[in-house]
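# Model the structure of this input:
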Amino acid sequence: MEFRIERAAKVDVPAIAAIAGAAYAPYVSRMGREPAPMVADFAGHVERGEAFVLKTHDGVSAYLITFGKDGGQFIENIAVEPARHGQGLGRCLLAFAEDRARDNGFDRMFLYTNVHMRENLDFYPKLGYVETHRVTEDGFDRVYFEKRLQP
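Prediction:
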């Protein structure tokens, strides 16, 4: 499958929001509320240059929100259109984020997921991420992961 990753533009905000809604909807019943990505300020992320989209021939199929924070490359949010799950698009976006980290002079990546998103608790360690801590933030039970990068 051919695709390209590019910085998101204002025109991409509705597609990003739609993907977030579809990708995170299954977690609402587990969490008892909408996950943070479902109500994120995507327009603000786009305006600050923190949002990237992965486009296929069908348009935006996945997105990534990432920026430098606390001496590393932070992944605030990543989601793939549910119809595209299992095609490696999320892994491509994570590799893209690692390249951005290196370009920004960082040697580590970090992110969080919700404790109720059990699939992610298994997924990130397969990619080299290590759980660092658990915390309740903004009313969400979050699990933080970190990955050290090779130069």
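
# From here on, just use CA atoms for contacts and neighbour counts.
OK.

# quick one, longest helix in this protein?
The longest helix of the chain (DSSP state H) is helix 89-103.

# I'd like the distance from that helix to the chain centre, please.
Offset of helix 89-103 from its chain centre (CA atoms, centre = their mean, to the nearest Å): 10 Å.

# Give the buried residues for that helix.
Along helix 89-103, these residues count as buried under the neighbour rule (16 or more other CA atoms under 10 Å): L89, G90, C92, L93, L94, A97, E98, R100, A101, R102.

# Please apply the same query to stretch 14-23.
A15, I16, A17, I19, A20, G21, A23.

# average pLDDT for that stretch?
Mean pLDDT, computed over stretch 14-23, is 97.

# Against A40, how distant is F3?
According to CA to CA, to the nearest Å, F3 stands 25 Å off from A40.

# Point to the residue nearest the middle of this protein.
In the chain, the C-alpha nearest the mean C-alpha coordinate belongs to I78, at 1.8 Å (CA atoms, centre = their mean).

# Contact partners for the residue nearest to that one when sequence neighbours are not counted?
Sequence neighbours aside, L64 is the residue nearest to I78 in space, at 4.4 Å (criterion: CA to CA, 6 or more residues apart in numbering). If you count contacts by CA atoms under 8 Å, 6 or more residues apart in numbering, L64 has them with A51, F52, V53, I75, E76, N77, I78, A79, L93.

# before we move on, back to that, what helix or strand does the residue nearest to the centre of the chain sit in?
strand 72-80 (DSSP states H and E).

# ditto for V143
Per DSSP H and E: strand 140-148 holds V143.

# now what about that strand, what contacts it?
So strand 140-148 is in contact with 107-116, 124, 128-136, going by CA under 8 Å, 6+ apart.

# Over to stretch 96-114?
By CA under 8 Å, 6+ apart, the list of residues contacting stretch 96-114 from outside reads 66, 68, 71-76, 120-121, 140-151.
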